[in-house]
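[1] Here you go, sequence then predicted model.
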Amino acid sequence: MSLSRSFKIWPLFVAAALTVVGPTVAAAPRTHVPSVIPTQYRYATVGGIRLFYREAGDPAAPVVVLLHGFPSSSHMYRELIPLLADKFHVIAPDLPGYGYSDMPAADQYDYTFDNLTTAVQGLLNQLGLTNYVLYMHDYGGLVGLRIAAAEPKRVKGLVIQNANAYLEGVSDLVGGVFLPLWKEQNDTTVAAARTFLTAETTKFQYTQGAHNPAALNPDAWTLDQALLDRPGNAAIQLKLFVNYQTNVALYDAWHAYFREHQPKTLVVWGRGDPLFTVAGAEAYKNDLKHIEVRYYDGGHFALEEYAGDIAAQIKRVFAK
(Lines give C-alpha, C1' and ligand atoms only; values in the text may rest on other atoms or scores of the structure.)
Protein backbone atom coordinates (compact mmCIF):
# COMPACT_ATOMS: atom_id res chain seq x y z
CA MET A 1 0.00 0.00 0.00
CA SER A 2 1.40 3.43 -0.90
CA LEU A 3 2.12 6.07 1.73
CA SER A 4 -0.48 8.41 0.24
CA ARG A 5 -3.04 5.60 0.33
CA SER A 6 -2.26 5.05 4.08
CA PHE A 7 -2.87 8.72 4.90
CA LYS A 8 -6.26 8.54 3.16
CA ILE A 9 -7.34 5.44 5.10
CA TRP A 10 -6.03 6.57 8.58
CA PRO A 11 -8.73 9.27 9.27
CA LEU A 12 -11.43 6.69 8.43
CA PHE A 13 -9.88 4.26 10.90
CA VAL A 14 -9.74 6.91 13.68
CA ALA A 15 -13.36 7.92 13.06
CA ALA A 16 -14.47 4.31 13.28
CA ALA A 17 -12.53 3.81 16.50
CA LEU A 18 -14.07 6.90 18.10
CA THR A 19 -17.51 5.68 17.09
CA VAL A 20 -16.92 2.47 19.04
CA VAL A 21 -15.09 3.93 22.04
CA GLY A 22 -17.14 7.12 22.47
CA PRO A 23 -20.45 5.60 23.61
CA THR A 24 -18.64 3.20 25.97
CA VAL A 25 -16.86 6.03 27.83
CA ALA A 26 -20.00 8.15 27.96
CA ALA A 27 -21.98 5.30 29.48
CA ALA A 28 -19.51 4.61 32.31
CA PRO A 29 -21.03 5.29 35.77
CA ARG A 30 -19.85 8.46 37.48
CA THR A 31 -18.37 8.16 40.96
CA HIS A 32 -19.97 10.44 43.55
CA VAL A 33 -17.37 12.35 45.55
CA PRO A 34 -18.83 13.88 48.74
CA SER A 35 -18.17 17.59 49.01
CA VAL A 36 -15.78 18.65 51.78
CA ILE A 37 -16.29 22.00 53.47
CA PRO A 38 -12.90 23.74 53.32
CA THR A 39 -11.05 24.87 56.41
CA GLN A 40 -9.92 28.50 56.51
CA TYR A 41 -6.64 29.46 58.19
CA ARG A 42 -6.81 32.85 59.88
CA TYR A 43 -5.08 35.19 62.32
CA ALA A 44 -6.40 37.70 64.84
CA THR A 45 -4.50 40.00 67.18
CA VAL A 46 -5.66 39.81 70.79
CA GLY A 47 -3.94 41.80 73.53
CA GLY A 48 -0.92 42.31 71.30
CA ILE A 49 -0.62 38.56 70.58
CA ARG A 50 -1.22 37.30 67.04
CA LEU A 51 -3.34 34.17 67.38
CA PHE A 52 -3.73 31.60 64.64
CA TYR A 53 -7.03 29.74 64.31
CA ARG A 54 -8.74 27.31 61.99
CA GLU A 55 -12.33 27.98 60.95
CA ALA A 56 -14.91 26.03 58.98
CA GLY A 57 -18.66 25.77 58.53
CA ASP A 58 -21.58 28.18 58.29
CA PRO A 59 -21.18 31.17 60.66
CA ALA A 60 -24.93 30.95 61.32
CA ALA A 61 -24.64 27.35 62.60
CA PRO A 62 -24.13 26.37 66.25
CA VAL A 63 -20.54 26.98 67.32
CA VAL A 64 -18.02 24.41 68.52
CA VAL A 65 -14.72 25.71 69.89
CA LEU A 66 -11.88 23.17 69.82
CA LEU A 67 -9.23 23.73 72.48
CA HIS A 68 -6.00 21.77 72.07
CA GLY A 69 -3.71 20.25 74.68
CA PHE A 70 0.00 19.85 75.36
CA PRO A 71 2.21 19.56 73.39
CA SER A 72 -0.06 19.96 70.40
CA SER A 73 -1.93 22.74 68.60
CA SER A 74 -5.07 23.10 66.50
CA HIS A 75 -3.34 20.67 64.13
CA MET A 76 -4.70 17.87 66.34
CA TYR A 77 -8.18 18.74 65.03
CA ARG A 78 -7.26 18.64 61.33
CA GLU A 79 -9.46 15.55 60.70
CA LEU A 80 -12.28 16.43 63.09
CA ILE A 81 -12.92 19.93 61.71
CA PRO A 82 -14.24 18.91 58.25
CA LEU A 83 -16.31 16.14 59.86
CA LEU A 84 -18.12 18.70 62.03
CA ALA A 85 -18.31 21.59 59.56
CA ASP A 86 -21.54 20.43 57.88
CA LYS A 87 -23.44 20.95 61.16
CA PHE A 88 -21.38 23.45 63.12
CA HIS A 89 -19.38 26.63 62.85
CA VAL A 90 -16.00 25.34 64.02
CA ILE A 91 -13.25 27.47 65.58
CA ALA A 92 -9.92 25.93 66.64
CA PRO A 93 -7.30 28.38 67.97
CA ASP A 94 -3.63 27.86 68.78
CA LEU A 95 -2.79 28.98 72.31
CA PRO A 96 -0.04 31.60 72.71
CA GLY A 97 3.30 29.82 72.44
CA TYR A 98 1.82 26.92 70.45
CA GLY A 99 1.29 26.08 66.81
CA TYR A 100 1.32 29.11 64.55
CA SER A 101 0.34 31.66 67.19
CA ASP A 102 2.90 34.15 68.47
CA MET A 103 5.51 32.80 70.86
CA PRO A 104 6.80 35.76 72.86
CA ALA A 105 9.77 34.96 75.08
CA ALA A 106 9.06 33.74 78.59
CA ASP A 107 10.47 36.99 80.05
CA GLN A 108 8.22 39.10 77.81
CA TYR A 109 4.88 37.36 78.35
CA ASP A 110 3.55 35.83 81.54
CA TYR A 111 2.73 32.25 80.56
CA THR A 112 -0.03 31.27 82.98
CA PHE A 113 -3.23 29.39 82.36
CA ASP A 114 -5.15 32.51 83.35
CA ASN A 115 -3.43 34.46 80.57
CA LEU A 116 -3.93 31.69 78.00
CA THR A 117 -7.61 31.80 78.91
CA THR A 118 -7.73 35.59 78.54
CA ALA A 119 -6.28 35.24 75.03
CA VAL A 120 -8.90 32.68 73.97
CA GLN A 121 -11.74 34.69 75.54
CA GLY A 122 -10.52 37.75 73.68
CA LEU A 123 -10.55 35.86 70.39
CA LEU A 124 -14.08 34.55 70.95
CA ASN A 125 -15.28 38.05 71.81
CA GLN A 126 -13.54 39.52 68.77
CA LEU A 127 -15.28 36.94 66.57
CA GLY A 128 -18.63 37.84 68.14
CA LEU A 129 -19.25 34.34 69.51
CA THR A 130 -21.71 34.48 72.41
CA ASN A 131 -22.61 30.81 72.85
CA TYR A 132 -20.77 27.62 72.00
CA VAL A 133 -19.95 24.05 72.81
CA LEU A 134 -16.42 23.64 74.16
CA TYR A 135 -14.34 20.66 73.04
CA MET A 136 -11.44 20.33 75.46
CA HIS A 137 -8.32 18.17 75.41
CA ASP A 138 -5.59 18.21 78.08
CA TYR A 139 -4.51 21.89 78.54
CA GLY A 140 -7.62 22.84 76.59
CA GLY A 141 -9.67 21.62 79.54
CA LEU A 142 -7.85 23.98 81.89
CA VAL A 143 -8.60 26.90 79.57
CA GLY A 144 -12.13 25.79 78.71
CA LEU A 145 -13.26 25.23 82.29
CA ARG A 146 -12.00 28.66 83.26
CA ILE A 147 -14.12 30.11 80.45
CA ALA A 148 -17.15 28.01 81.41
CA ALA A 149 -16.97 28.88 85.11
CA ALA A 150 -16.58 32.59 84.32
CA GLU A 151 -19.32 32.75 81.66
CA PRO A 152 -21.60 29.75 82.20
CA LYS A 153 -24.50 31.14 80.17
CA ARG A 154 -22.38 31.15 77.03
CA VAL A 155 -21.50 27.47 77.25
CA LYS A 156 -24.09 25.20 75.64
CA GLY A 157 -22.22 21.98 76.33
CA LEU A 158 -18.88 20.31 76.96
CA VAL A 159 -16.96 17.66 75.07
CA ILE A 160 -14.14 16.34 77.25
CA GLN A 161 -11.39 14.27 75.65
CA ASN A 162 -8.71 13.18 78.11
CA ALA A 163 -8.84 16.50 79.96
CA ASN A 164 -8.53 15.98 83.69
CA ALA A 165 -10.35 17.95 86.41
CA TYR A 166 -10.16 15.52 89.33
CA LEU A 167 -7.34 14.29 91.54
CA GLU A 168 -8.52 10.74 90.84
CA GLY A 169 -7.43 11.13 87.24
CA VAL A 170 -3.80 12.04 87.88
CA SER A 171 -1.55 9.11 86.96
CA ASP A 172 1.55 8.14 88.91
CA LEU A 173 3.59 9.22 85.89
CA VAL A 174 2.27 12.80 86.10
CA GLY A 175 2.14 13.02 89.87
CA GLY A 176 5.67 11.68 90.25
CA VAL A 177 7.08 14.50 88.14
CA PHE A 178 4.86 17.48 88.91
CA LEU A 179 4.25 17.20 92.65
CA PRO A 180 7.97 17.51 93.46
CA LEU A 181 8.30 20.36 90.93
CA TRP A 182 5.49 22.30 92.60
CA LYS A 183 7.07 21.80 95.99
CA GLU A 184 10.49 23.06 94.90
CA GLN A 185 12.14 24.00 91.61
CA ASN A 186 15.68 22.67 91.76
CA ASP A 187 18.07 20.94 89.37
CA THR A 188 16.52 17.53 90.05
CA THR A 189 12.85 18.47 89.72
CA VAL A 190 13.43 20.68 86.67
CA ALA A 191 15.44 17.95 84.95
CA ALA A 192 12.58 15.51 85.55
CA ALA A 193 10.08 17.99 84.10
CA ARG A 194 12.27 18.49 81.03
CA THR A 195 11.79 14.82 80.12
CA PHE A 196 8.28 15.84 79.02
CA LEU A 197 9.86 17.98 76.31
CA THR A 198 11.86 15.24 74.59
CA ALA A 199 11.03 13.65 71.25
CA GLU A 200 10.70 10.25 72.93
CA THR A 201 8.05 11.52 75.36
CA THR A 202 6.13 13.38 72.66
CA LYS A 203 5.89 10.25 70.55
CA PHE A 204 5.04 8.22 73.69
CA GLN A 205 2.03 10.45 74.37
CA TYR A 206 0.62 9.55 70.97
CA THR A 207 1.53 5.87 70.77
CA GLN A 208 1.18 4.57 74.33
CA GLY A 209 -2.23 2.93 74.70
CA ALA A 210 -3.13 3.41 71.03
CA HIS A 211 -5.14 0.68 69.36
CA ASN A 212 -2.82 0.46 66.36
CA PRO A 213 0.33 2.58 66.77
CA ALA A 214 1.56 1.57 63.31
CA ALA A 215 -1.45 3.31 61.75
CA LEU A 216 -0.82 6.64 63.49
CA ASN A 217 0.40 9.49 61.32
CA PRO A 218 3.88 10.48 62.56
CA ASP A 219 3.35 13.99 61.19
CA ALA A 220 1.45 14.76 64.42
CA TRP A 221 4.24 14.21 66.93
CA THR A 222 6.91 15.35 64.47
CA LEU A 223 5.23 18.76 64.13
CA ASP A 224 4.66 18.99 67.89
CA GLN A 225 8.32 18.28 68.57
CA ALA A 226 9.55 20.72 65.95
CA LEU A 227 7.56 23.46 67.69
CA LEU A 228 8.73 22.37 71.14
CA ASP A 229 12.32 22.54 69.92
CA ARG A 230 12.11 26.20 68.92
CA PRO A 231 14.63 28.36 70.81
CA GLY A 232 13.04 29.64 74.02
CA ASN A 233 10.08 27.26 73.99
CA ALA A 234 11.42 25.05 76.79
CA ALA A 235 11.36 28.01 79.17
CA ILE A 236 7.72 28.63 78.23
CA GLN A 237 6.73 25.04 78.91
CA LEU A 238 8.53 24.95 82.24
CA LYS A 239 6.66 28.07 83.37
CA LEU A 240 3.37 26.40 82.50
CA PHE A 241 4.44 23.18 84.23
CA VAL A 242 4.94 25.13 87.45
CA ASN A 243 1.73 27.14 86.94
CA TYR A 244 -0.24 23.92 86.41
CA GLN A 245 -0.75 23.72 90.18
CA THR A 246 -3.19 26.64 89.90
CA ASN A 247 -5.51 24.31 88.02
CA VAL A 248 -5.57 21.78 90.83
CA ALA A 249 -6.47 24.63 93.17
CA LEU A 250 -9.51 25.35 90.96
CA TYR A 251 -10.85 21.79 90.89
CA ASP A 252 -13.38 22.45 93.67
CA ALA A 253 -14.65 25.59 91.91
CA TRP A 254 -15.06 23.68 88.65
CA HIS A 255 -16.96 20.91 90.41
CA ALA A 256 -19.25 23.56 91.90
CA TYR A 257 -19.81 24.93 88.38
CA PHE A 258 -20.79 21.44 87.21
CA ARG A 259 -23.25 20.94 90.04
CA GLU A 260 -24.88 24.37 89.71
CA HIS A 261 -25.15 24.70 85.93
CA GLN A 262 -25.23 21.05 84.80
CA PRO A 263 -23.94 21.57 81.24
CA LYS A 264 -24.73 18.76 78.84
CA THR A 265 -21.48 16.81 78.68
CA LEU A 266 -20.01 14.19 76.37
CA VAL A 267 -16.82 12.51 77.59
CA VAL A 268 -14.77 10.72 74.90
CA TRP A 269 -11.78 9.09 76.54
CA GLY A 270 -8.87 6.96 75.40
CA ARG A 271 -8.78 4.31 78.11
CA GLY A 272 -5.07 3.60 77.51
CA ASP A 273 -3.99 7.17 78.37
CA PRO A 274 -0.77 6.97 80.43
CA LEU A 275 -1.23 10.53 81.76
CA PHE A 276 -4.89 10.81 82.77
CA THR A 277 -6.60 7.66 83.97
CA VAL A 278 -10.08 6.23 83.48
CA ALA A 279 -10.81 7.17 87.10
CA GLY A 280 -10.60 10.80 86.03
CA ALA A 281 -13.22 10.23 83.35
CA GLU A 282 -15.55 8.44 85.75
CA ALA A 283 -15.19 11.23 88.31
CA TYR A 284 -17.15 13.64 86.11
CA LYS A 285 -20.21 11.54 86.89
CA ASN A 286 -19.98 12.64 90.53
CA ASP A 287 -21.08 16.19 89.69
CA LEU A 288 -22.77 16.07 86.28
CA LYS A 289 -26.25 14.66 85.66
CA HIS A 290 -26.53 15.16 81.89
CA ILE A 291 -23.41 13.24 80.99
CA GLU A 292 -22.46 10.42 78.66
CA VAL A 293 -19.04 8.76 78.92
CA ARG A 294 -17.68 6.81 75.97
CA TYR A 295 -14.38 4.93 76.10
CA TYR A 296 -12.13 4.19 73.16
CA ASP A 297 -9.40 1.63 72.71
CA GLY A 298 -6.84 4.40 72.40
CA GLY A 299 -4.45 6.63 74.30
CA HIS A 300 -4.05 10.28 75.26
CA PHE A 301 -4.61 11.36 71.64
CA ALA A 302 -7.54 9.01 70.96
CA LEU A 303 -8.81 11.48 68.35
CA GLU A 304 -5.97 10.35 66.07
CA GLU A 305 -7.71 6.98 65.68
CA TYR A 306 -11.38 7.73 66.28
CA ALA A 307 -12.16 11.10 64.70
CA GLY A 308 -15.04 9.65 62.68
CA ASP A 309 -16.89 8.13 65.61
CA ILE A 310 -16.20 11.09 67.91
CA ALA A 311 -17.61 13.46 65.28
CA ALA A 312 -20.71 11.27 64.98
CA GLN A 313 -21.22 11.35 68.75
CA ILE A 314 -20.87 15.13 68.90
CA LYS A 315 -23.46 15.52 66.16
CA ARG A 316 -25.82 13.09 67.86
CA VAL A 317 -25.63 14.91 71.19
CA PHE A 318 -25.31 18.58 70.18
CA ALA A 319 -26.48 19.09 66.57
CA LYS A 320 -30.10 19.85 67.29
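    Arrived safely, thanks for sending.
[2] was I right about L124 contacting L67?
    No - L124 lies out of contact with L67 (C-beta atoms under 8 Å); the separation is 10.7 Å. Heads up, the C-betas are built off the backbone N, CA and C, glycines and all.
[3] Looking at these two, which one has more neighbours?
    With neighbours defined as other C-beta atoms under 10 Å, L124 and L67 compare such that L67 has more, 29 against 21.
[4] just checking, the more buried one touches A148?
    No - counting by C-beta under 8 Å, L67 sits too far from A148 to count as a contact (10.9 Å).
[5] anything in contact with each of these two?
    L134 (C-beta atoms under 8 Å, 6 or more residues apart in numbering).
[6] Which strands or helices does the helix or strand V143 falls within pack on?
    Assigned by DSSP states H and E, V143 belongs to helix 139-150. Secondary-structure packing of helix 139-150 (3 or more C-beta pairs under 8 Å, 6 or more residues apart in numbering; DSSP states H and E): strand 63-67, helix 113-126, strand 132-137, strand 155-161, helix 245-261.
[7] could those be laid out in TSV, adding distance to A191 and mean pLDDT?
    Shown next, in TSV, are the helices and strands packed on helix 139-150 (distance: least, C-beta to C-beta, whole Å; pLDDT from 0 to 100):
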stretch	distance to A191	mean pLDDT
strand 63-67	30	98
helix 113-126	23	98
strand 132-137	27	98
strand 155-161	30	98
helix 245-261	19	98
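[8] for the protein, what spans make up the helices?
    Using DSSP state H, the helices found in the chain span residues 3-26, 80-84, 113-126, 139-150, 172-183, 187-194, 199-207, 219-228, 233-243, 245-261, 278-283, 303-318.
[9] Now tabulate the ones you listed in JSON lines and tack on distance to R54.
    Listed next are the helices of the chain as JSON lines, based on distance: least, C-beta to C-beta, whole Å:
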{"stretch": "helix 3-26", "distance to R54": "40"}
{"stretch": "helix 80-84", "distance to R54": "6"}
{"stretch": "helix 113-126", "distance to R54": "12"}
{"stretch": "helix 139-150", "distance to R54": "14"}
{"stretch": "helix 172-183", "distance to R54": "28"}
{"stretch": "helix 187-194", "distance to R54": "30"}
{"stretch": "helix 199-207", "distance to R54": "20"}
{"stretch": "helix 219-228", "distance to R54": "14"}
{"stretch": "helix 233-243", "distance to R54": "21"}
{"stretch": "helix 245-261", "distance to R54": "25"}
{"stretch": "helix 278-283", "distance to R54": "26"}
{"stretch": "helix 303-318", "distance to R54": "14"}
